[in-house]
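sequence? don't have it. structure:
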């Protein structure tokens with residue numbers, strides 16, 4: 001039974017009302033003929049369990065439980081032994097490949113056929129495909145007639161290929177709950193069953209707690225935690241290595257391991273009972289050290305000094321500088337990362353480059369829908385891909401690019417002491433505006449600390465003028481008095497070395513004064529959790545519906561768009577209508593209507609815009625709070641309406657901008673409140 005068919009059974013069991021064939025086709029993005037074929041398989045399975053499928057022509061389909069309860073059917077559906085009855089060809093091929101990569105012995109075709117409930121012929125066909133599709137040149141299948149099939153090649157490549165296949169089969173949403181014994185929701189339970197079945201068929205080593213404790217001790221020694229995805233890779237690598245070493249497979253070649261990981265890798269191997277072995281080849285230690293050095297490093301809440309700073313790499317440094325500059329031009333803003341945070345970014349880029357060059361996989365989280373209309377950063381992704389290819393000859397997958405973009409953004413917003421812009425500076429010259437423009441061009445080449453916003457003649461400089469322009473520093477060829485803004489006096493011809501030192505010292509003094517000054521309280525007096533705000537911004541949508549004049553029709557269309565589940569859609573529609581009865585919210589000055597309500601149909605704050613296809617009609621804003629709604633989540637939504645009334649740029653983005661423009665505007669609004 002396929003994953004889709006199991007999900008379809010779950011949906012049919014979730015409610016008693018009839019489902020139309022069209023609704024099932026739409027829910028699973030398949031054709032009605034495919035639905036009919038799936039229903040035939042579902043009916044056979046239900047019949048074997050004492051239930052059945054009730055098909056009413058012209059009315060719909062539902063499950064008749066008959067002699068068995070819904071709970072019993074769900075239990076049977078989730079039993080690992082029942083999971084892979086007829087696996088999809090792609091999954092089946094990957095399962096066989098995992099089996100071959102795990103064992104250091106000849107494996108009979110009949111053994112694999114029995115393990116995965118398939119015929120000998122299917123195994124043989126899959127082996128031909130596996131042999132053809134092997135991507136690592138050192139790996140090959142050896143067939144011993146009458147004995148079996150064995151995977152051979154460099155040991156490090158065998159282990160990496162095993163991890164690569166596992167990360168393709170099992171998502172991070174499943175492996176993290178498995179690793180930490182967390183509950184899984186109904187959506188991920190099928191994939192969890194697949195993971196449990198794979199590990200059971202392989203006789204994968206147990207003792208999870210022992211391995212995780214060893215990793216925790218290693219993290220304490222390093223001074224930082226691996227992220228959960230990084231820790232998951234290390235866990236499966238160590239357990240796989242434990243088995244492979246026990247079967248006599250050792251990594252012999254040496255690898256460029258960061259020096260701080262050499263001793264840690266050796267201690268970690270020695271402490272995990274590798275068949276009483278206490279001495280390992282240098283290759284085993286250096287490869288584990290390399291792996292530890294390139295996995296995600298979780299940063300502490302306050303970015304402190306790096307426990308093990310890496311030597312400055314000019315190629316990496318040049319890459320990060322160009323990355324920051326390129327993203328700043330795209331966003332029309334000046335990104336400024338101090339030395340400490342830029343070092344963290346450089347370390348991440350260095351790890352990414354080394355990891356991709358060696359083919360080390362990683363479990364990536366899911367950052368939201370990938371449809372083009374919901375794509376926030378296509379330009380950034382394209383630019384990042386270009387930089388990686390030009391500078392390092394690396395072609396990175398989309399998930400790698402998206403992760404690095406997200407990491408860059410999190411560094412920029414995370415540290416409250418990072419300036420959002422460079423020091424705003426004005427250059428003026430007694431001799432005239434032309435020479436001031438020349439000085440501006442020279443300064444832009446000599447230092448990256450300043451945002452030179454204007455070059456002008458000295459007679460224009462007054463304190464009220466500087467305050468109106470938000471100027472923080474003045475560079476002048478003429479001494480200026482009576483100003484509270486700092487002034488650096490320039491001498492012609494310029495001593496460029498001395499000038500850069502003066503600017504650096506003055507900028508540090510300005511930043512030091514700002515750090516010691518009391519932090520201004522946000523005008524709305526609220527701060528919000530970073531992850532909640534980022535999730536809310538990521539979920540802000542722009543939905544297109546057919547033009548209609550009646551607000552009841554708009555509410556109905558919107559509710560179905562937001563809630564694919566018919567019952568929840570009805571509930572949301574009812575809550576919208578109840579709120580409308582108490583009075584509409586309409587910003588007449590800006591021609592914008594707001595639909596808002598509290599509803600149990602949503603579990604998190606939900607917001608977005610409605611636009612009407614094929615018309616020039618204005619957009620509508622919708623805001624939905626969960627019911628009950630925690631105070632913080634209510635306030636997150638209230639910032640939207642306040643900002644709409646107070647900030648013209650945000651208002652324009654909502655009324656006319658693209659989805660990416662709106663989300664950038666939301667970032668600007670919330671960045672001071674997180």
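Everything's here; your move. Here the structure is a predicted model, which is why all the values come from computation and not from measurement.

Going by residue numbers, what spans are helices in the stretch 251-400 of the chain?
For the stretch 251-400 of the chain, the helices defined by DSSP state H, counting those that start in this stretch occupy 259-270, 282-294, 314-331, 339-358, 378-392, 398-414.

Quickly compare the ones you listed and say which is most buried.
For the helices of the stretch 251-400 of the chain, the largest average neighbour count (mean count of other CB atoms under 10 Å) is found in helix 282-294, namely a mean of 23. All C-beta spots, glycine's among them, are computed from the backbone N, C-alpha and C.

what inclination does that helix have with respect to helix 339-358?
Interaxial angle, helix 282-294 versus helix 339-358 (axes from the mean of the first three to the mean of the last three CA atoms, to 10 degrees): 130 degrees.

now helix 282-294, how far from the centre of its chain.
A distance of 26 Å separates the centroid of the chain from that of helix 282-294, by CA atoms, centre = their mean, to the nearest Å.

Not counting its own residues, what contacts that helix?
155-156, 218, 233-234, 237-238, 241, 245, 250-258, 261-262, 264-266, 268-269, 351-352, 354-355, 358, 360 (CB atoms under 8 Å, 6 or more residues apart in numbering).

One more pass at 6 Å, please.
156, 251-255, 257-258, 261-262, 265-266, 351, 354-355 (CB atoms under 6 Å, 6 or more residues apart in numbering).

Just flag the most distant two among these.
Using CB to CB, the pair of the contacts of helix 282-294 lying farthest apart is 252 and 351, separated by 24.8 Å.

What helices and strands are in contact with the strand or helix carrying residue 216?
Using DSSP states H and E, residue 216 falls within helix 208-222. Secondary-structure packing of helix 208-222 (3 or more CB pairs under 6 Å, 6 or more residues apart in numbering; DSSP states H and E): helix 228-246, helix 259-270.

Residue 578: neighbouring residues, count only.
12 (other CB atoms under 10 Å).

follow-up on the earlier one: and the next helix or strand along the chain from the helix holding residue 216, average pLDDT?
Downstream of helix 208-222, the first helix or strand assigned by DSSP H and E is strand 225-226. If you average the pLDDT over strand 225-226, you get 76.

Given strand 225-226, what are its sheet partners and their directions?
strand 297-298 (antiparallel) (DSSP bridges).

Any regions of the stretch 51-200 of the chain where pLDDT drops low?
Residue ranges of the stretch 51-200 of the chain with pLDDT under 70: 66-67, 79-88, 117, 183-190.

Which residue ranges of it form helices?
Remark: helices assigned in the stretch 51-200 of the chain by DSSP H, counting those that start in this stretch are 70-78, 89-102, 109-115, 120-133, 155-169, 172-180, 189-202.

same check, this time on the stretch 551-674 of the chain
551-562, 566-581, 631-646, 648-656, 659-670.

between those, which one is nearest to residue 318?
Residue 318 lies closest, by CB to CB, to one member of the helices of the stretch 551-674 of the chain: helix 659-670, at 26.7 Å.

Provide the angle between the direction of the closest one and the direction of helix 378-392.
Going by the same axes, to 10 degrees, helix 659-670 makes 90 degrees with helix 378-392.

Measure how far helix 659-670 is from the centre of its chain, please.
Its chain's C-alpha centre and that of helix 659-670 lie 18 Å apart, by CA atoms, centre = their mean.

And it, what's buried?
659, 660, 662, 663, 664, 665, 666, 667, 668, 669, 670 (16 or more other CB atoms under 10 Å).

Looking at the contacts of helix 282-294, which has the smallest pLDDT value?
Minimum pLDDT for the contacts of helix 282-294 is recorded at residue 258 (78).

Quick check: the closest residue to it other than its chain neighbours vs residue 179, distance?
With CB to CB, 6 or more residues apart in numbering as the measure, residue 293 is the residue that lies nearest to residue 258, at 4.2 Å, once sequence neighbours are left out. From residue 293 across to residue 179, the span is 21 Å (CB to CB, to the nearest Å).

residue ranges with poor pLDDT in the stretch 451-600 of the chain?
Looking at the stretch 451-600 of the chain by pLDDT under 70, you get 457-460, 492-493, 514-527, 588-589.

I'd like to know how many residues surround residue 27.
Using other CB under 10 Å, residue 27 has 16 other residues around it.

Model confidence for it, exactly?
Reported pLDDT for residue 27: 81.

Tell me the spacing between the nearest residue to residue 238 once chain neighbours are set aside and residue 529.
Counting by CB to CB, 6+ apart, residue 211 is the residue found nearest to residue 238 once chain neighbours are left out, at 5.6 Å. As judged by CB to CB, residue 211 and residue 529 stand 31 Å apart.

The two: who's more crowded?
For residue 211 versus residue 529, the count of surrounding residues by other CB under 10 Å is larger for residue 211: 22 against 11.

Can you give me the distance of that one to residue 63?
Distance of residue 211 to residue 63, computed by CB to CB: 42 Å.

Check residue 330 too.
From residue 330 to residue 63 the distance is 51 Å (CB to CB).

For the residue nearest to residue 440 when sequence neighbours are not counted, name its beta-bridge partners.
Using CB to CB, 6+ apart and skipping the chain neighbours, the partner closest in space to residue 440 is residue 455 (4.2 Å). Counting by DSSP bridges, residue 455 forms beta bridges with residue 427.
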